[in-house]
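Asks: Show me how the following folds:
(one chain, ligands or ions: 3)
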Amino acid sequence: MSPDRNRIHLAVQKSGRLSEESLSLLKGAGLRLSRGGKSSLSARADNYPLDLMLVRDDDIPTFVADGVCELGIVGQNVLEEYALGQPDRRIEEVARLGFGRCSLKIAAPDSLNFFKLKMLEGQRIATSYPNILRRFLDTQGISADIVTMRGAVELAPRLGIARFICDLVSTGATLDANGLAPVADVFDSEAVMIRTLKPVDAPHRAKMDGLLTRIGGVIATQESKYIVLNAPESALPAISKILPGAEAPTVVPLVGRPGQVAVQAVCQESVFWETLERLKGAGASAILVMPIEKMMM
Ligand SMILES: Nc1ncnc2c1ncn2[C@@H]1O[C@H](COP(=O)(O)OP(=O)(O)OP(=O)(O)O)[C@@H](O)[C@H]1O
Ligand SMILES: O=P(O)(O)OC[C@H]1O[C@H](OP(=O)(O)OP(=O)(O)O)[C@H](O)[C@@H]1O
Ligand SMILES: [Mg+2]
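Replies: Ligands and ions are numbered 1, 2, ... in the order given. Next up is the predicted model:
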């Protein structure tokens, strides 16, 4: 079946670390998605001209570069690995999505007393990210043999394939379970929205922009909070400085309480308990922090 050119196409990971959060981001953007069945390789939004292609994450940059899918959700690690192997990159990163956070690290056996990077010289390192690792080693002036594996990289030292590995780490539990310890940070990653740089006609462009605006709104609301508080008018300069990421708060006089105002602001950064304590210290009272359901800037 050839793709419907009246609809836009978004490539997402079929099953894996990014799948669930990619779908919940799209649901948060108001899309109603229906999938043919668990084994189906596509899904359709019935309230937006969007089809999802459910694929392996490694294939997503190629699909987007070729314009088969106009958009894709993928880890920066996969995007960077692809881009380093393709000087003629036809993909643009358009938004960081705030999930799938992990870091590509070199790890050594626990039993080894590893104390300097030069110990990698002339060694074998197993990884699924040969291009990123090669660049890192080059910038460190280290020459080592890279052994490319498609998965289960943590097993390489035990199997005698390589002494060191370079793989994704988040909690470190997988390294631990395999008797390995991180020794160098190579690349930090999170999931990103990517867009094709192939020419797209105006109606398609409008559909893509509409979806990206909604997704931008979802990401902004995840961090943003609406704050309401009372304060003496004289405390406003100090309070404005403490409110995280708030532009131009609304200030309203309090009836029957001269010199007192109510302040309302959208804070576009995380609001921690420490923030509330500092606001209180600056003279604020009756501080309310509320989630924002939808936002369009
Ligand atoms: N432990 C982790 N914590 C958070 N994000 C991770 C973690 N491991 C990987 N990721 C991110 O999620 C992406 C997908 O990881 P996953 O392990 O599901 O990939 P995969 O096994 O290559 O799947 P596929 O079958 O699609 O090729 C990675 O490329 C990375 O960006
Ligand atoms: O530091 P941790 O929290 O232990 O996470 C790291 C592990 O997560 C990823 O694999 P995943 O579990 O997605 O499985 P996979 O190897 O089958 O892709 C990655 O390849 C590591 O093996
Ligand atoms: Mg993969």
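Asks: so where do the helices sit in the stretch 101-250 of the chain?
Replies: In the stretch 101-250 of the chain, the helices defined using DSSP state H, counting those that start in this stretch lie at 130-139, 156-159, 173-177, 202-223, 236-242.
Asks: Gln86: which of those is closest?
Replies: Ranking those by proximity to Gln86 (CB to CB) places helix 130-139 first, at 9.6 Å. C-beta: built from backbone N, CA, C; applies to glycine.
Asks: Check which helices and strands that closest one is in contact with.
Replies: helix 76-84, strand 102-109, strand 145-148, strand 180-189 (3 or more CB pairs under 8 Å, 6 or more residues apart in numbering; DSSP states H and E).
Asks: Assign a three-state SS to the residue in the chain sticking out farthest from the centre, would you?
Replies: Most distant residue from the mean C-alpha position of the chain: Gly256, 48.0 Å away (CA atoms, centre = their mean). Of the three states, Gly256 takes coil according to DSSP: H, G, I helix; E, B strand; the rest coil.
Asks: State the pLDDT value of it.
Replies: Predicted confidence (pLDDT) for Gly256: 94.
Asks: Same question for Ser2.
Replies: For Ser2, pLDDT reads 56.
Asks: residue contacts, Leu41?
Replies: With contacts defined as CB atoms under 8 Å, 6 or more residues apart in numbering, the neighbours of Leu41 are 14, 53-55.
Asks: For this structure, what lies in contact range of ligand 1?
Replies: 13, 16-18, 56-58, 75, 77-78, 100-102, 151, 168, 170, 189 (CB under 6 Å from any ligand atom).
Asks: Sort out which of the residues you listed are buried, if you could.
Replies: 13, 17-18, 57, 75, 77-78, 100, 102, 168, 189 (16 or more other CB atoms under 10 Å).
Asks: Now render those residues as JSON lines, adding pLDDT.
Replies: JSON lines is the format used below for these (pLDDT from 0 to 100):
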{"residue": "Gln13", "pLDDT": "98"}
{"residue": "Arg17", "pLDDT": "97"}
{"residue": "Leu18", "pLDDT": "98"}
{"residue": "Asp57", "pLDDT": "97"}
{"residue": "Gly75", "pLDDT": "98"}
{"residue": "Asn77", "pLDDT": "98"}
{"residue": "Val78", "pLDDT": "98"}
{"residue": "Gly100", "pLDDT": "98"}
{"residue": "Cys102", "pLDDT": "98"}
{"residue": "Leu168", "pLDDT": "98"}
{"residue": "Ser189", "pLDDT": "98"}
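Asks: closest to ligand 1 among these?
Replies: Set against ligand 1, the nearest of these by CB to the nearest ligand atom is Gly75 (2.0 Å).
Asks: How much space separates the closest one from Leu117?
Replies: The spacing between Gly75 and Leu117, counted by CB to CB, to the nearest Å, is 25 Å.
Asks: again, but for Val68
Replies: Distance of Val68 to Leu117, given as CB to CB: 40 Å.
Asks: Might you enumerate the residues of the stretch 51-200 of the chain proximal to ligand 3?
Replies: For the stretch 51-200 of the chain, the contact set with ligand 3 under CB under 5 Å from the ion comprises 57-58.
Asks: per-domain residue ranges of this structure.
Replies: Domains of the chain are assigned by automatic domain parsing as 8-98+191-221, 102-188, 224-291.
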